[in-house]
Structures are given as structure tokens and as C-alpha cells.
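# Here's my sequence, what's the structure:
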Amino acid sequence: MIKKDAVFFITGCSSGFGREFATVALERGYRVIATARNIADLDYLRDNKNALAVVCDITKPDTIVAAVNRGVECFGHIDVLINNAGVNYLTALEDSYDVLMRRMFETDLFGTINVTKTLLPHIRANDGVIVTVASIGGVDSKYRGLFYGMAKAAQDAMTHALIDGGVRAMSVNPGPFETRCRENSLENSTHEKYTGGMRPAPRIVADALFDTLESDKRWPMRLVIGETAFPRYRRVLKQMEYDRKYCGKFAINHSALHHSFWWHLRHLKF
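Predicted coordinates for the structure are as follows:
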């Protein structure tokens with residue numbers, strides 16, 4: 001459970017999940033440091049005294065530090081980090097352009113690391129929480145979502161490592177929702193833009209996240225959300241269960257082998 005007076009630092013609040021996270025946090029009585037690369041995209045927060053709109057490009061560490069310092073100066077502390085900012089790159093491996101692939105990793109992976117590293121001392125000091133918006137694609141990557149899936153899988157790994165390091169952390173792994181993630185993808189001309197049917201509103205993800213953060217139950221490491229996400233997650237879990245059974249025969253007890261070797265050596269007769 002998070003503190004009732006928690007201050008949130010949320011990246012990528014211009015639209016989509018980030019905008020909904022900021023909106024729901026304010027509706028539930030929290031204070032929010034909302035960031036975006038373009039301050040005009042945060043005009044919806046202009047008249048809210050519990051919101052601080054700050055320019056922040058997560059690929060530029062100096063802007064992260066400046067945003068954090070402004071937030072602490074304004075609200076005194078930061079308790080929850082929501083890593084949400086990111087871009088997509090939907091293309092197959094053989095069609096990929098190195099410059100676009102690197103641009104995506106610079107934002108989704110290294111940018112997320114930059115923000116987390118900067119906020120980590122504040123989170124530790126306040127027994128806070130780090131939430132990272134990954135994707136079901138990080139658990140069940142698609143061929144044309146290879147690079148995005150790799151970045152999101154790395155974010156999941158970061159969450160696991162933070163938990164191992166004593167930090168309260170959680171990944172959010174949604175399926176497709178009505179955000180600009182796909183429409184604003186970096187893909188090249190060999191891949192058509194997403195033109196699929198209706199997708200659910202991102203508010204569903206925001207409500208699910210805050211319901212979880214406010215719960216006194218044990219949090220999941222991955223908060224998997226979405227109608228299409230669950231079948232994909234079940235498929236991965238089924239494969240992992242098969243792998244577990246198959247690989248069990250290789251779980252060699254090295255300690256037992258060591259003692260067995262020395263027992264036989266002592267009882268050999270020459």
C-alpha cells in the first residue's frame with residue numbers, strides 16, 4: 001500500500017497511459033510531478049494546484065535531474081516513480097534500420113534506466129515504489145515487435161532486480177490499448193501503420209494500477225492487463241511449465257556429487 005500523501009513522478013504524460021496515470025492520481029488525492037518533452041502537452045494540468053508540469057526528455061540526464069529537483073522543491077519529497085515514457089519500433093529484424101533501433105533503445109531502455117537511477121535515492125529514502133510500464137510484448141514478443149519486446153523484457157528484468165535489491169517495484173504489462181504507441185512508432189516504410197479495430201481506453205490500466213497500489217494485498221511483479229494479454233501470458237506460462245519439467249533432469253545437486261566423490265575415494269582399495 002502506498003502513502004495517502006504520496007507524491008508521484010510520472011514520465012510521458014502528454015497522452016495515453018501517462019496522461020491517465022496523472023489524471024487518476026490527482027482524482028484520488030495524490031500530488032503529481034508530470035513530465036513531457038513539450039510543456040504545451042501538459043496544459044490539461046494548468047489549473048490543478050496538486051500538479052507540477054515539468055519538461056523532461058528521458059534521453060537527456062540533465063533534464064531528468066532538473067525535473068526531479070523542481071519536484072522536490074515544490075512538494076518536498078517523491079514517493080512513487082512511474083516509468084511510462086517510451087517509443088515503439090514495429091519492424092522485422094531484416095527490415096530494421098540501425099539508427100531507428102538505437103533511437104528506440106535510447107528512450108525505452110537507457111532513458112528508463114536514467115530516470116530510475118536518478119529517482120532511486122528518493123524512493124529508498126521514502127520507502128517508495130517504482131512502477132515501470134512494460135508490455136505483454138516483453139513477455140511474449142512478436143516478430144515485428146522484436147525490438148520493442150526486447151526493451152520491455154529488459155524493463156521487466158529491471159523490476160525483478162529492484163525487488164531483489166529491496167525496492168518495492170512492479171511492472172505493468174498491458175496488451176493493446178487506445179494510445180498513440182503504435183501510431184507514433186518509428187517503423188520504416190516496409191511496415192504498415194497499425195490500422196486495427198477498436199481498442200479499450202487506457203483509463204482501464206490506470207484504474208487497475210492505482211487499485212493495486214492502494215491494496216494491502218501482496219502486489220504482483222507483473223500486472224498483466226487486457227483481453228488479448230491474458231491468452232498470450234497463459235501461453236508463455238504453459239511453455240515455461242514445460243521447460244521446467246524438461247530441465248528438471250539437469251538440476252544437478254553439485255554438493256551431493258562432491259560428497260559422493262570423496263566418499264568413494266576414501267573407500268577405494270588399491
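
# Please make it C-alpha for all contacts and neighbour counts, starting now.
Will do.

# quick one: secondary structure of residue 170?
strand (DSSP: H, G, I helix; E, B strand; the rest coil).

# Residue ranges in the stretch 151-270 of the chain under the pLDDT threshold?
For the stretch 151-270 of the chain, residues meeting the criterion pLDDT under 70 lie at 177-199, 253-270.

# the strands in it, which residues?
For the stretch 151-270 of the chain, the strands defined by DSSP state E, counting those that start in this stretch cover 168-174, 222-225.

# and the shortest one, what does it pack onto?
Strand 222-225 makes packing contacts with strand 168-174 when contacts are defined by 3 or more CA pairs under 8 Å, 6 or more residues apart in numbering; DSSP states H and E.

# who does the strand it packs on pair up with?
Its sheet considered, strand 168-174 pairs with strand 129-133 (parallel), strand 222-225 (parallel) by DSSP bridges.

# could you dump those strands to JSON lines with distance to residue 210 and mean neighbour count?
Shown next, in JSON lines, are the strands paired with strand 168-174 (distance: least, CA to CA, whole Å; neighbours: other CA atoms under 10 Å):
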{"stretch": "strand 129-133", "distance to residue 210": "11", "mean neighbour count": "23"}
{"stretch": "strand 222-225", "distance to residue 210": "11", "mean neighbour count": "21"}
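
# how about those strands in a markdown table, adding distance to residue 41?
Below are those laid out as a markdown table (distance: least, CA to CA, whole Å):
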| stretch | distance to residue 41 |
| --- | --- |
| strand 129-133 | 20 |
| strand 222-225 | 26 |
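
# Of all those strands, which one comes closest to residue 122?
strand 129-133 (9.9 Å; CA to CA).

# If residue 10 is in a bridge, with which residues?
Applying DSSP bridges to residue 10, the residues it is bridged with are residue 34, residue 82.

# And it, how close does it get to residue 51?
With distances taken as CA to CA, to the nearest Å, residue 10 is found 11 Å from residue 51.

# which residues do those two both contact?
32, 33, 34 (CA atoms under 8 Å, 6 or more residues apart in numbering).

# What are the boundaries of the helices in the stretch 101-250 of the chain?
112-125, 146-164, 203-213, 229-247 (DSSP state H, counting those that start in this stretch).

# could you dump the shortest one to CSV, C-alpha only?
Yep, that's helix 203-213 we're talking about. Output of helix 203-213 as CSV, limited to C-alpha atoms (Å, rounded to 0.1, in the frame of the first residue of the first chain):
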residue,chain,number,x,y,z
ARG,A,203,-8.2,4.5,-18.2
ILE,A,204,-8.7,0.8,-17.5
VAL,A,205,-5.0,0.4,-17.0
ALA,A,206,-4.7,3.5,-14.8
ASP,A,207,-7.6,2.3,-12.5
ALA,A,208,-6.1,-1.2,-12.2
LEU,A,209,-2.7,0.2,-11.3
PHE,A,210,-4.0,2.5,-8.6
ASP,A,211,-6.3,-0.1,-7.2
THR,A,212,-3.3,-2.4,-6.9
LEU,A,213,-1.1,0.3,-5.3
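
# angle of it against strand 168-174?
160 degrees (axes from the mean of the first three to the mean of the last three CA atoms, to 10 degrees).

# In PDB, list the C-alpha atoms belonging to the one helix or strand residue 18 maps to.
Residue 18 is part of helix 16-27, with elements assigned from DSSP states H and E. Coordinates of each C-alpha in helix 16-27 appear next as PDB, following Å, rounded to 0.1, in the frame of the first residue of the first chain:
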ATOM      1  CA  GLY A  16      -2.100   7.700 -23.400                       C
ATOM      2  CA  PHE A  17      -1.200   5.900 -20.200                       C
ATOM      3  CA  GLY A  18       0.900   8.700 -18.800                       C
ATOM      4  CA  ARG A  19      -2.000  11.200 -19.100                       C
ATOM      5  CA  GLU A  20      -4.400   8.800 -17.500                       C
ATOM      6  CA  PHE A  21      -1.900   8.000 -14.600                       C
ATOM      7  CA  ALA A  22      -1.600  11.700 -13.900                       C
ATOM      8  CA  THR A  23      -5.400  12.200 -14.000                       C
ATOM      9  CA  VAL A  24      -6.300   9.300 -11.800                       C
ATOM     10  CA  ALA A  25      -3.500  10.200  -9.300                       C
ATOM     11  CA  LEU A  26      -5.000  13.700  -8.900                       C
ATOM     12  CA  GLU A  27      -8.500  12.400  -8.700                       C
END
